[in-house]
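Visitor: Structure for the following, please:
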Amino acid sequence: MINVFAKAGLALALSVCTLGAATAPALAQDVQLRIGPDGVRPVIRDRDRDYDRRDRRMGCSPGEARAAARDEGFRQTEIVRATRRSITVQGMTRRGPDRITFANRPGCPEI
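Guide: Here you go, the predicted structure:
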């Protein structure tokens, strides 16, 4: 009887380990296998160095500023002033008309 429990426990332990190993490659998205003249080699991607098109632009676009204002709770947004350093958006909030100013940098941080 003890032998049966030991085999069942071993089978359970192996199935749990196999299940954990099967899901691990799905989590490792930053590792690629490349096949070339030097054979198969893993390549680890550094996502901080992978640049998106938005990261290379010099500033905040008016559409991004309006979207950021909507995220802050503004409705009926419109750009009232855009300079080299800032973009001012006017719109309606729960308390009435209001303005918000964003820096003209990637990501549109609020000033």
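Visitor: who touches the nearest residue to Ala68 once chain neighbours are set aside in this structure?
Guide: Take Ala68 and drop its neighbours on the chain: the residue closest to it by CB to CB, 6 or more residues apart in numbering is Cys108, 4.5 Å away. Just so you know, the C-beta spots here come from the backbone N, C-alpha and C atoms, and that holds for glycine as well. Taking CB atoms under 8 Å, 6 or more residues apart in numbering, we find Cys108 in contact with Cys60, Glu64, Ala65, Ala68, Ile87, Phe102.
Visitor: Three-state assignment for Cys108, please.
Guide: Following DSSP: H, G, I helix; E, B strand; the rest coil, the label given to Cys108 is coil.
Visitor: What does it show for phi and psi?
Guide: phi 50, psi 60 (degrees, to the nearest 10).
Visitor: Which one of the contacts of Cys108 is nearest to Arg95?
Guide: Within the contacts of Cys108, the smallest distance to Arg95 is 18.8 Å, found for Ala68 (CB to CB).
Visitor: Just to be sure, that closest one is in a helix?
Guide: Yes - assigned with three-state DSSP, Ala68 falls within a helix.
Visitor: ok so, going back, using JSON lines, lay out the contacts of Cys108 together with secondary structure and pLDDT.
Guide: Converted to JSON lines, the contacts of Cys108 look like this (DSSP: H, G, I helix; E, B strand; the rest coil; pLDDT from 0 to 100):
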{"residue": "Cys60", "secondary structure": "coil", "pLDDT": "90"}
{"residue": "Glu64", "secondary structure": "helix", "pLDDT": "93"}
{"residue": "Ala65", "secondary structure": "helix", "pLDDT": "94"}
{"residue": "Ala68", "secondary structure": "helix", "pLDDT": "94"}
{"residue": "Ile87", "secondary structure": "strand", "pLDDT": "95"}
{"residue": "Phe102", "secondary structure": "strand", "pLDDT": "95"}
